[in-house]
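In: Next comes the sequence, and after it the predicted model I'd like to discuss.
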Amino acid sequence: MHFPLLQDLLLLFVSSVIVVLIFQRLKLPAVIGFLATGIIIGPHALSLVKASEEVEVMSEIGVILLLFVIGMEMSLKQLAAIRKTVIIGGAVQVGMTIIVTGLCLLILGMSWNSSVFMGFLFSLSSTAIVLKIFQDRNEISSPQGRIALGILIFQDLIVVPMMLFTPILAGNSENIGMSILLLLAKSAGVILITLFLARFLVPRLFNLVVKTRNQELFLLTTITLCFAVAFLTAEAGLSLALGAFLAGLIISESPYSHQATGMILPFRELFTSIFFISIGMLLDVGFFIQNLIIIIPVALLVFIAKGTIAGLAAYVLKYPLRTCILAGISLFQIGEFAFILSREGLANNLMSEVSYQYFLAISILTMAMTPFAINYSDRISLWLTRSKISRRMNTPRVTSETPEILKKDHLIIIGYGINGRNVARAARHANIPYMILELNADTVRKEKANGENIMFGDAVHPHILHELHAENARVIVIAISDPQATKSIVSNIRLICHTTYVIVRTRFVNEIDDLLQLGADEVIPEEFETSIEIFSRVMHKYLVPIDEVHLLTETIRNDNYQFLSPHHKKPGKITSVAESLLNIKCVRVIADHGPIVGKSIAAAEIRNKYKVNILGISRDDVMISNIISDEVIRQHDLIYLSGEPKDIELFYRAVSE
C-alpha cells in the first residue's frame, strides 16, 4: 500500500535534518535552514515533493499553534510591564513603515489600497529569527533586546487587525462603513466571549481535567480549546489566526498556562518548521535568479529604510544612538507573519503573482541577511556613532535637574538594574560618594525625582566616561546585561585610565577571560555566584560551622574564578610578601577580649602567629596609618590587613569570637 503524503513527509524531514544540520554548523538560525530546505525540494527547484497541498494544510496548523503559544506566553501583566515600548515603539515602527512604503509604491504607480497592503507586509519583522539570535547572544535583556521584544509583540498583535482589514481594503464590500462596523461588532463579541471563557468556563474545565491527573487528557483539552476557538472565529467571518491567539490568551490567565505551553511547544516547533519549509517551496528560483538585479537593491533598500525607522522608534523612547542603531539593525527583515498576511492579499487581489514573487524573494533574502547583520551590528554602530553629530546626540544635556558630577575618588555604577541598585544602596549606607549612569530615560527621571545621583548616557562612548571623570574614580562597577557593550566599556575605561579599579558583573563563567584580558580587575559571573550561594546554603543546612562555610566560599572565589577560565595558567611561585599584598581585607574587631583584643601588636605576636600584615587601623573615624608595634587593638577597630585568605580568616576568628 502506497502513501504519497507519508513519502513526502519522510523526504521533507530527511532533507530538513541534513540542511539544518549544515546551517547549524555554520552558526546560522534553523529558520533559514528550513527556508533553504523548502527552496531545494520545492516545485521550482528539484521538485521532490508532490503532495504540496497537504504540506500547506500542515503549515496552516503550524501557524495556528504558533499564534496559540504566543497568546499563552503573552499574559496581560507582562504586556503591562513593557507597555510603553510595545505601544509607542511598536506604533511608531509599524505606522512609519506603512506610510513610507505606501508613498514609495504610490509614486511608482501602484494603486493606493495595494500600496497600503504592501506597507502592512513590510512593517512586520521576524519574531522567530530575532528572538532566537538574541537568546543565543545572551542579549534578550539588553536595551536593544527589550526594544526588539516590545516592537515584535506589537507586530504580533497588529497582524490580526491587518488580516481582518485586508478584505475591506480590497473593496470586497459594497458598504465599507457598514463592513467596518460589522467587523468591530464581531471583534467586540469575540472579546466578550474570550473574557467569559477566561474568567469562568476554562478555569473550571481545567480544574476538572487536572484532578484526573491524566496528562493525555490535559494535552487533548488544551489542543481542543485551541482549535475550537479558532474554528468559531473563522465561522464568525474572522480568521483562524485570531482564534488561536485568543485561545492562547484565555489559557494564559489560568494557573495551568506554563504546563500547557510546555506540552504544546514540541508540536509547535514541528508544524512551524513545516510552515517555513512550505514558504521556501513557494519561491520561484528561476524568477529569483532572473531578477537579482532588482531584488538585491530592493532588499538593501529595505535594510536601510526599515532599520532606520525601527531605530527612530527606539529614539522616540529616548534611548541613546548606539542602542537605537542596534535595535534598528535587528528589526529590518520581513517576518513570518507577513507570509501569512500575503496569502490574504493574494486571495483578495491586492497582489499579483509577479509582485508576490518579488515579495517572497525580498523577504527570504532579508531573513538570510539578519544573522550576519546582527553579528556585525556592533561594528556598524561603532562606525556610525563616531561622527560629531552622534557625539552631540549622546552628550548629556546640562539642566537644572542634572546631578552634580563627582570629580575625584568616587564610585561609578554603570547600569541601574537589580545589581546596580544593590551596589548604590550599599554605597549609600557606607557613605561612599557615587554616580550612576543609566540608559533607561524613564528610570533616570524617576530616580532623579527621588533624589538619586543618576545621569542618562551610554558608557560605550568615551566622552561619556570623561563627563563622569572616570579617570579620577576609585572604582567603576559595570552592571549591565549587554555582553558586547560591557567589553566596549572596559576597553574605553582602560584607554582613559589604568589605575581605576573595574568590577564587572557578567552572566557566564566563559566570559571572564575576555573581560580580564580587556582590563577588568574583577569579574563576577552570576551563574557561578549562584552555585556558591546554593552550596553555602546546603552547608548551613548540614550544620557546618558558619566560619568554615565563609572560609570555603572565600577560598573558592579567590581560586576557582581563575581556575574556571579556559586559558588560565597558574603562575610560578612568588614570595609570601608579594602574595600577601595582592589580598587586602578590612576586618572589624567584634570581641571585647581574647588573644588579640586589648593587647598590643607586639604582645599578640600577630605577624608570627597569624602571618598577616596590619596596614592601617580606623578608630573613631580616624585613620591610623603609621602602625607601631605598641599599638593596642581595641574593640570596634576597623583593621586593614594583607595576607593569604586562610590566614586572614584565622585572624578574623580571633577578633570575632
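Out: Arrived safely.

In: Please make it C-alpha for all contacts and neighbour counts, starting now.
Out: OK.

In: By mean pLDDT, point me to the weakest helix or strand of this structure.
Out: In the chain, the helix or strand scored least confidently by mean pLDDT, DSSP states H and E is helix 576-581, which has a mean of 38.

In: I'd like the next helix or strand past that helix.
Out: strand 584-588 (DSSP states H and E).

In: CA atoms only: put that next one into PDB for me.
Out: Output of strand 584-588 as PDB, limited to C-alpha atoms (Å, rounded to 0.1, in the frame of the first residue of the first chain):
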ATOM      1  CA  ILE A 584      43.900  43.200  51.300                       C
ATOM      2  CA  LYS A 585      40.900  42.900  53.600                       C
ATOM      3  CA  CYS A 586      39.100  45.100  56.200                       C
ATOM      4  CA  VAL A 587      38.200  43.300  59.400                       C
ATOM      5  CA  ARG A 588      36.100  44.700  62.200                       C
END
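
In: Which neighbours in the sheet does that strand have, and how are they oriented?
Out: Strand pairing for strand 584-588, determined by DSSP bridges: strand 638-642 (antiparallel).

In: contacts for whichever helix or strand comes after the partner strand?
Out: Once the chain leaves strand 638-642, the next helix or strand it forms, by DSSP H and E, is helix 645-656. With contact meaning Cα atoms under 8 Å, 6 or more residues apart in numbering, helix 645-656 is reached by 547, 551, 554-555, 583, 585, 587-591, 594-597, 610-612, 641-642.

In: where are the low-confidence patches of the stretch 151-300 of the chain?
Out: 172-180, 183, 187, 236-239, 241-242, 253 (pLDDT under 70).

In: Recalculate using a threshold of 50.
Out: For the stretch 151-300 of the chain, applying pLDDT under 50 flags no range at all.

In: which residues in it form helices?
Out: All helices of the stretch 151-300 of the chain, identified by DSSP state H, counting those that start in this stretch, fall at 176-196, 202-211, 215-235, 240-252, 257-282, 285-290, 292-316.

In: Of all the ones you listed, which one is nearest residue 32?
Out: The minimum distance between residue 32 and the helices of the stretch 151-300 of the chain falls on helix 257-282, with 8.3 Å, by Cα to Cα.

In: Now do the closest one against helix 240-252, angle only.
Out: 160 degrees (axes from the mean of the first three to the mean of the last three Cα atoms, to 10 degrees).

In: Helix 257-282 packs against which elements?
Out: Contact partners of helix 257-282 among helices and strands, from 3 or more Cα pairs under 8 Å, 6 or more residues apart in numbering; DSSP states H and E: helix 30-41, helix 52-73, helix 215-235.

In: Let me know the average pLDDT across the second one.
Out: So the one you mean is helix 52-73. Average pLDDT, helix 52-73: 71.

In: Might one say that residue 503 is in contact with residue 525?
Out: No. Under the criterion of Cα atoms under 8 Å, residue 503 is not in contact with residue 525, lying 10.9 Å apart.

In: The two: which has the busier surroundings?
Out: Using other Cα atoms under 10 Å as the criterion, residue 503 and residue 525 rank with residue 503 on top: 21 against 18.

In: how about the more buried one, phi and psi?
Out: phi -110, psi 130 (degrees, to the nearest 10).

In: quick one, what contacts the residue most central in space within the chain?
Out: For the chain, the residue sitting closest to the mean C-alpha position, by Cα atoms, centre = their mean, is residue 140 at 0.9 Å. When contacts are counted by Cα under 8 Å, 6+ apart, residue 140 touches 131, 134, 146, 149.

In: between the residues you listed, which has the most around it?
Out: Neighbour-wise, the contacts of residue 140 (other Cα under 10 Å) top out at residue 149, 24 neighbours.

In: what angle do whatever helix or strand it lives in and helix 240-252 make?
Out: Residue 149 is part of helix 143-169, with elements assigned from DSSP H and E. In terms of direction (the same axes, to 10 degrees), helix 143-169 departs from helix 240-252 by 130 degrees.

In: and helix 143-169, which residues are buried?
Out: 143-160, 162-169 (16 or more other Cα atoms under 10 Å).

In: Could you list every helix and strand in contact with it?
Out: helix 90-107, helix 112-123, helix 127-136, helix 176-196, helix 321-330, helix 336-347.

In: Quick check: which of these is buried the most?
Out: helix 321-330 (a mean of 26; mean count of other Cα atoms under 10 Å).

In: That one - what's its average pLDDT?
Out: 89.

In: ok, residues contacting that helix?
Out: 130, 143-145, 147-148, 303, 306-315, 370, 373-374, 377-378, 381-382, 385, 390, 393-394, 458.

In: likewise stretch 97-115?
Out: With Cα under 8 Å, 6+ apart as the criterion, stretch 97-115 contacts 116-120, 122-123, 169-170, 306, 309, 350-351.

In: ditto for stretch 614-625
Out: By Cα under 8 Å, 6+ apart, stretch 614-625 touches 626-627, 636-642.

In: out of the residues you listed, which are buried?
Out: So, by 16+ other Cα under 10 Å, the buried ones in those are 636-642.

In: Now do the strands for the stretch 451-600 of the chain: every range, in order, please.
Out: 454-456, 475-478, 501-506, 522-525, 584-588 (DSSP state E, counting those that start in this stretch).

In: quick one: contacts for residue 337?
Out: 124-126, 156, 159.

In: what's the farthest-apart pair in those?
Out: 126 and 159 (12.2 Å).

In: Any stretches of the stretch 351-500 of the chain with poor pLDDT?
Out: In the stretch 351-500 of the chain (pLDDT under 50), the answer is 388-389, 397-402.

In: quick revisit: so which of the helices of the stretch 151-300 of the chain is the most packed in?
Out: Comparing those by mean count of other Cα under 10 Å gives helix 240-252 as most buried, with a mean of 27.

In: what helices or strands is that one leaning on?
Out: On a contact count with 3+ Cα pairs under 8 Å, 6+ apart, helix 240-252 meets helix 52-73, helix 176-196, helix 215-235.

In: what sits up against the last one?
Out: If I follow you right, that is helix 215-235. In contact with helix 215-235 (Cα under 8 Å, 6+ apart) are residues 64-65, 68, 190, 206, 209-210, 239-244, 246-248, 260, 263-264.

In: That helix: how far from the chain's middle?
Out: Centre-to-centre, helix 215-235 and its host chain are 31 Å apart (Cα atoms, centre = their mean, to the nearest Å).

In: relative to helix 202-211, how tilted is it?
Out: Using the same axes, to 10 degrees, helix 215-235 lies at 150 degrees relative to helix 202-211.

In: Could you export helix 215-235 as PDB, CA atoms only?
Out: Presented in PDB, the C-alpha positions along helix 215-235 are these (Å, rounded to 0.1, in the frame of the first residue of the first chain):
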ATOM      1  CA  GLN A 215      -1.500  14.100  31.100                       C
ATOM      2  CA  GLU A 216      -3.100  12.900  27.800                       C
ATOM      3  CA  LEU A 217      -6.400  14.400  28.800                       C
ATOM      4  CA  PHE A 218      -4.800  17.700  29.700                       C
ATOM      5  CA  LEU A 219      -3.000  17.800  26.300                       C
ATOM      6  CA  LEU A 220      -6.200  16.900  24.400                       C
ATOM      7  CA  THR A 221      -8.200  19.500  26.300                       C
ATOM      8  CA  THR A 222      -5.600  22.200  25.500                       C
ATOM      9  CA  ILE A 223      -5.500  21.400  21.800                       C
ATOM     10  CA  THR A 224      -9.200  21.100  21.600                       C
ATOM     11  CA  LEU A 225      -9.700  24.500  23.100                       C
ATOM     12  CA  CYS A 226      -7.200  26.000  20.600                       C
ATOM     13  CA  PHE A 227      -8.900  24.600  17.500                       C
ATOM     14  CA  ALA A 228     -12.400  25.100  18.900                       C
ATOM     15  CA  VAL A 229     -11.900  28.900  19.400                       C
ATOM     16  CA  ALA A 230     -10.000  29.100  16.000                       C
ATOM     17  CA  PHE A 231     -13.000  27.400  14.300                       C
ATOM     18  CA  LEU A 232     -15.600  29.700  16.000                       C
ATOM     19  CA  THR A 233     -13.800  32.800  14.900                       C
ATOM     20  CA  ALA A 234     -13.400  31.500  11.400                       C
ATOM     21  CA  GLU A 235     -17.100  30.700  11.300                       C
END
